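Asker: Provide a 3D model corresponding to the input given below.
(3 chains)
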Amino acid sequence: MRKLVFGASALAGLLLAGTAVQAQEITVGFVTSLSGPASSIGINYEKGMNAAYAYKADVGGVKIKLIKLDDGSDPSQATKNARKLVEQDKVDVMIGTSSAPGTNAMLTVANELKVPFIAVSPVSVPLPKEGHPWGISMVQTPPLMVKVIADRMKREGIKSVGYIGFSDSWGDLVYNGAKAAEQNGGPAVLTNERYARTDTSVTAQALKVVAAKPEGFLDGGSATQAALPLLELRKLGFKGPFFGTPSLLNRDFVRIGGKAAEGTQVSAGPVVVTSQLPNDHFSKKIGTAFHETFQKVNGGEADDGFSGYAFDGWVVFLEAAKTAMTKAKPGTPDFREALMEAIYSSKDVAGVHAVYNFTPKSYYGVDERSLVVVKLVDGKWVYQP
Amino acid sequence: MSRQTTLAVGALVLVVLFGAPLYLAPFTITLLNYIGVYALVALGLVLLTGNAGMVSFGQASFMGIAAYATGWTSAVMGYSPWLGLILALVATGLIAAILGAVTLRLGGHFLSLSTIAWGLAIYFSFGNIPGLGAFDGIPSLPPISIGNLALIESGQIFYLIWIALLLSMLAIHNLLDSRVGRALRALRGGNALVESLGINALRVRLATFVIAALCAALSGWLYAHMGRFVSPTPFDVTASIIALMMAMIGGAGYLLGAVIGAAIIVLLKNGIQDILPRIAPGASGQLEVVVFASLFILFLQRARNGIVPFIAQWIPEPHRERPPPADALPRQTQPAKGTALMQVEAVNRRFGGLIAVNDVSFEVHAGEILALIGPNGAGKTTMFNLITGALTPSGGRIVFAGKDITKSGACDIASSGIARTFQHVKLRPKMTLIDNVLLGTYGRTKSGFIRSALRLDRAEEARSRHEAMRQLDRVGLGDRPYELAGNLPLGNQRVLEIARALAADPVLLVLDEPAAGLRRQEKLALAELLRTLRAEGLTILLVEHDMEFVMGLVDRIVVMEFGCKLCEGDPDTVRTDTRVQEAYLGGVA
Amino acid sequence: MNAQIAAILTLDGIASGAIYVLIAIGFVLIFAVTRIIFVPFGDITAFTALTLASLENKHLPGTVGMVAVLAAMATLMEIFSLWRKGTLGRVPRALLFYLILPLIPAGVVWLTAGTLLPTALRILLTVAVILPIPPLLNRIVYQPIADATVLLLLIVSVALHFAMSGLGLLFFGPEGVRTQGFVDYTAIIAGTPVSGQAILILGSAIFFSFLLYLFFSFTLTGKALHATALNRTGARLMGIRPQQACTIAFLLGALLAAISGILIAPVNTIFYDSGFLIGLKSFVGAIIGGMVSFPVTAIGSMLVGILESFAAFLSSPFKDVIVFSILIPVLLWRSYTLVHAEDEDEE
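Answerer: Residues are numbered from 1 along each chain as shown, chains lettered A, B, ... in the order given. Predicted coordinates for the structure are as follows:
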């Protein structure tokens, strides 16, 4: 009996939660990983978003309210956050998050609750059979990232590469991209070795790569820890050139990689070499503005590619919101529908990474213009035309 | 509180709960859904940890197996989520059964550590199986459909989740209040007692383990179709630990503890997420986990049994009726008085180089009271343990009722009609008197896990209760059957053990120093009870120290010294035996 | 796989294994004396590496703030409990042990932040800053529940690990660090390159294990500690204060964690949360030793390191599955061979 009474009082306590908010402004929900394993990327997204919000915080005089939530690198928390943003805060659009599984999870919610979602990570949710999806992804697709660098390898006459990547979804994506490039005449991928971000050694994996005798090496790691295979390979006497994806663009990667990482070539969004770009490059002007705002808000250089995705997501949203504002009031389902339509109808939106053209046929809206090749020379990334 | 009030409050709770989607904000319903899903995992832990005393750090991996099973069935293969549910339960149940069979022999914290090991191993496997989407997971699971209604919105799946939770709680509540449930609760505190009651501890543990895993599987299935997305991260060791936290915060011994613990953690997480950015902007993400963990530690320091017992003390005790009379349970036919019931033939037992029992032989005749006496270190208790199967003889033979039981385990020996008590009283102090005695009836009854969970065991249960009350009355404890055994003074605990042994309807009752710690009055009552039992045809073997108690009561005495039998005979012969006087009585008698 | 690859893998495994040995011995030590399975042990190791790296980069390490906060909390709790016991006369002593002593190295680091000290001094300072953390955590977290069951202590430990990793992120940020190597030397033994760092790690592991052995065998404190581990009540009767024994065990454990942190800093990138897996793998070693035997623990930890290395070569994605799966047969073997008194915890 007393269990029941107690249960009743506990339930009554539960019912106190939850209030609805009616928006007089545009509300944007932003989810990123500020803790957990994905936070080394997630914090960059947050800084990018800070810069974006400082860059422009209104659409035609209507204020934008930004709600930030941490998902702790956990997809189920990302789902919960997405639901919270939509159901409790009634956001008009969501932007997020740092890990691919978390982003997929948020996209599932976005599709279900019909809220525009601007992903800043790759997504792999199948497109809905009818109607348009409710999400777009700002990033260059991993196959595109790998393709651009694979093309460069081909140009340099590399016929085979070894591969060591993270034992997570990022490692899968890069490997699959490299395999796809191989099908299209790119270098053959000889190994598929994996390591965890917190592993203490990749000696064994590096030995396997060396034993396979590839001409070059493709790094499927990310951020700081991506330096580990490079260090190990050089130690074991591997002489071939190193290649990578934009996830190697990280200050600590350069610091830790040191001499071993020197000469590594990666495909990268133009934002990381804004100052080296020719003046007629699409991202020169907005990129410069981004770097200045970033410096002002966060007090440091934007030397990663991730913060640029968040910024570009904001730019695409601003562009679409301008159109949507003429059709519906923020905070209504109509506005969300209009916003999604406007995202699809906006043409050639120039961001710091790419020129964006989204369609309902794909989540991605970038082309090869969104990637340049950069090379690590004396600890600096140098634009390689 | 009366039964009517109980029913009224229960009905009110149900109305308030199931009306929730009508008057609560959608996000609150989403939170309630998460609470329901996590409460199911925690419920398994309440059963496993709070009641059976096994701590698992791997429940989330069972959740994951189920989520992946249904994800594969519904999203990859395109079948119905209901088929996914079947596969989820079967796969999880099988894996749990295999893991359990391998690891459940481990005791104490070793078992818990092994759960960390396989929890990690299963988690790492999820991300490395390409058919399951590797680290990316499986996106776009279909919603569960009932008929043509797809449960897409929070307010719809809400009903499914909470009905599943409430039904599981009901089933587990029934289970705990049954024959197997009592056996399961008795597991907490070691195997010696459980085995001596004819309960196969390993089997009960295994069944409990599988049931807890099935709770997690149900939760994983609901979770997968609620989020409509499956990936490895939500099923890592951290998630398992959070499930354990939920059970412990709520109160691991109580079914409601699971729900309350889940509610507190989900709401607290949500609350911290809302409040922290206002207090510490910029560092909120990092601080969230710190605040959360610190609160948890503080909680464990202050109220480690959880919230339910903490609050329950303010709610009046329910009034419980004495169980009504029912048909008696079937009884054994006692062997004819005077026939040889047990033969102990040249039994010896060595511990390394030490010979504790050396070629001891004696017989127990049906219907007599035989005492085994001897000074400290004579090997009485070892002999006792050999007879009851707690130890196996190094040589010799023990035959009971024509059956060789030399190599049998405690469980089998108990089943063949020997009931025992312990020198250091072994009761379950947190169980009531009647539940302790009911444990004795385990071997005489049959209802298993499924019958018990579905309440098909009530007729048998009523007969067991009637029997337990009869034994309680007989030893003089019938006036307060719902008292906790731990609240009794030592003397009463001893007779409670005898009541429990009698409830097993044994042919041979073996008592280990039953008079130790009893006051004179209590000893007289005990002797009187044993005489009555003998008159009813029961055979009794007792190991005793108290000579006065023995001499006036028993028919025959076997005296042991230094592991050997010194002599045997009726009390007067033994009393006058000079060897006995020298060795044991020191000439006092 | 040829002989040379096997040799390289074995060496790599021994180097990781040596780190696990140090940590595993710490686990066993703390468990034996306090019955606490100190899960945040790996975090302490990681924090040491992070602190050393901060000093090398001329930053103020986050550990300084952490020690200050912990010292303040421990002092307040101690004073409060002294006040409740009515023994306020012992406050100055509490202040000395819980506030002043831990804050001295932290203060030194704070004052010298920004200047690059010589390597030896940097290492010394790092160890000195790290040392007070586990004993302070013991005072704050474990002492109020010293009588709890092993299981409850374990759960508290796990919660503490979460708090520590959160603090790590707050104080050190999400990026990984790696310090400069102490030795830039590679020996060629039978055609196999052996890095000087690996030799240093192995040497240190052997040296400190030996030192610990001497401590337990030949010093009074060591013997007292050993006695407490064997029989708590007995030790108390012999006048050994359990709390003091706990503090010493935690200090020794801290020392081991700090040494392993220093050793691992130049060979691997360490993140704020790297400690968990390192800790867990060491823990596998400690369990092989049954949480009691130091020599078996050391052998077990070595085995884990070598197994990990070979598993990574054979199938790197399933490396961790393999490492954690061997725990189950090991535990089974333990459960059949170890004669442990029946754990009759009658609540």
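Asker: for the stretch 1-150 of chain A, which segments are assigned as strands?
Answerer: Using DSSP state E, counting those that start in this stretch, the strands of the stretch 1-150 of chain A run over A:26-32, A:58-59, A:62-70, A:93-96, A:117-119, A:135-137.
Asker: in what helix or strand does A:Phe217 lie?
Answerer: Assigned by DSSP states H and E, A:Phe217 belongs to strand A:216-220.
Asker: strand partners (parallel or antiparallel) of that strand?
Answerer: strand A:160-166 (parallel), strand A:242-244 (parallel) (DSSP bridges).
Asker: nearest to C:Leu252, of those?
Answerer: strand A:160-166 (36.3 Å; Cβ to Cβ). Glycine gets a C-beta too; all of them are placed from N, C-alpha and C.
Asker: before we move on, the earlier item: tell me which of the strands of the stretch 1-150 of chain A sits most buried.
Answerer: Greatest average neighbour count among the strands of the stretch 1-150 of chain A goes to strand A:93-96 (a mean of 30), per mean count of other Cβ atoms under 10 Å in any protein chain shown.
Asker: helices of the stretch 1-150 of chain A, start to end?
Answerer: For the stretch 1-150 of chain A, the helices defined by DSSP state H, counting those that start in this stretch occupy A:2-14, A:39-55, A:75-83, A:100-113, A:142-155.
Asker: show the model's pLDDT score for the residue lying closest to C:Glu56 once chain neighbours are set aside.
Answerer: Nearest non-adjacent residue to C:Glu56, counting by Cβ to Cβ, 6 or more residues apart in numbering or on different chains: C:Thr179, 5.3 Å away. Note on C:Thr179: pLDDT of 81.
Asker: next up, phi/psi of C:Thr179, please.
Answerer: phi -100, psi 170 (degrees, to the nearest 10).
Asker: who are the packing partners of the one helix or strand B:Leu43 maps to?
Answerer: B:Leu43 is located in helix B:26-45, with elements delineated by DSSP H and E. If you count contacts as 3 or more Cβ pairs under 8 Å, 6 or more residues apart in numbering or on different chains; DSSP states H and E, helix B:26-45 packs onto helix A:2-14, helix A:75-83, helix B:20-23, helix B:59-71, helix B:154-176, helix B:201-227, helix B:237-250, helix B:255-279.
Asker: redo these as CSV? Include mean neighbour count, distance to B:Arg520 and mean pLDDT.
Answerer: Formatted as CSV, those follow (neighbours: other Cβ atoms under 10 Å in any protein chain shown; distance: least, Cβ to Cβ, whole Å; pLDDT from 0 to 100):
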stretch, mean neighbour count, distance to B:Arg520, mean pLDDT
helix A:2-14, 18, 41, 49
helix A:75-83, 27, 66, 89
helix B:20-23, 13, 63, 85
helix B:59-71, 31, 53, 94
helix B:154-176, 19, 40, 93
helix B:201-227, 26, 38, 94
helix B:237-250, 26, 46, 87
helix B:255-279, 21, 45, 85
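Asker: want to throw the ones you listed into CSV with distance to chain C?
Answerer: Below are the helices and strands packed on helix B:26-45 laid out as CSV (distance: least, Cβ to the nearest Cβ, whole Å):
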stretch, distance to chain C
helix A:2-14, 21
helix A:75-83, 14
helix B:20-23, 31
helix B:59-71, 11
helix B:154-176, 17
helix B:201-227, 12
helix B:237-250, 5
helix B:255-279, 12
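Asker: so, low pLDDT: which residues of chain B?
Answerer: Where chain B drops to pLDDT under 70, the residues are B:1-2, B:107-108, B:280-286, B:584-589.
Asker: could I get the full set of strands for it?
Answerer: For chain B, strands defined by DSSP state E occupy the ranges B:145-146, B:149-150, B:340-351, B:354-365, B:369-373, B:395-400, B:403-404, B:418-420, B:508-512, B:539-543, B:556-561, B:564-569.
Asker: could you do chain C as well?
Answerer: Under DSSP E, chain C gives strands at C:186-189, C:192-195.
Asker: mean pLDDT for those strands: which is lowest?
Answerer: Of all the strands of chain C, mean pLDDT reaches its minimum on strand C:186-189 (a mean of 69).
Asker: chain C contacts on chain A?
Answerer: A:35-37, A:39-40, A:42-43, A:167, A:193-205, A:207-208, A:211, A:223-225, A:227-228, A:235-236, A:250-252, A:256 (Cβ under 8 Å from any Cβ of the partner chain).
Asker: mind redoing it with 7 Å?
Answerer: With Cβ under 7 Å from any Cβ of the partner chain as the criterion, chain A comes near chain C at residues A:35, A:37, A:39-40, A:43, A:167, A:193-196, A:198, A:200-201, A:203-205, A:207-208, A:224-225, A:227-228, A:252, A:256.
Asker: narrow these to those in strands?
Answerer: A:193-195.
Asker: could you list the low-pLDDT ranges of chain A?
Answerer: A:1-23.
Asker: quick one: contacts for the most centrally placed residue in it?
Answerer: Central residue of chain A (Cα atoms, centre = their mean): A:Ser121, 3.3 Å from the mean position. Taking Cβ atoms under 7 Å, 6 or more residues apart in numbering or on different chains, we find A:Ser121 in contact with A:97-100, A:103, A:139.
Asker: tell me how far it lies from B:Asp136.
Answerer: Using Cβ to Cβ, to the nearest Å, A:Ser121 is found at 11 Å from B:Asp136.
Asker: try B:Gly478
Answerer: On the measure of Cβ to Cβ, B:Gly478 and B:Asp136 end up 65 Å apart.
Asker: more neighbours, the two?
Answerer: Taking neighbours as other Cβ atoms under 10 Å in any protein chain shown, B:Gly478 and B:Asp136 compare with B:Asp136 leading, 24 against 17.
Asker: just give the nearest non-adjacent residue to that one, would you?
Answerer: With Cβ to Cβ, 6+ apart, the residue lying closest to B:Asp136 is A:Ser169, at 4.2 Å.
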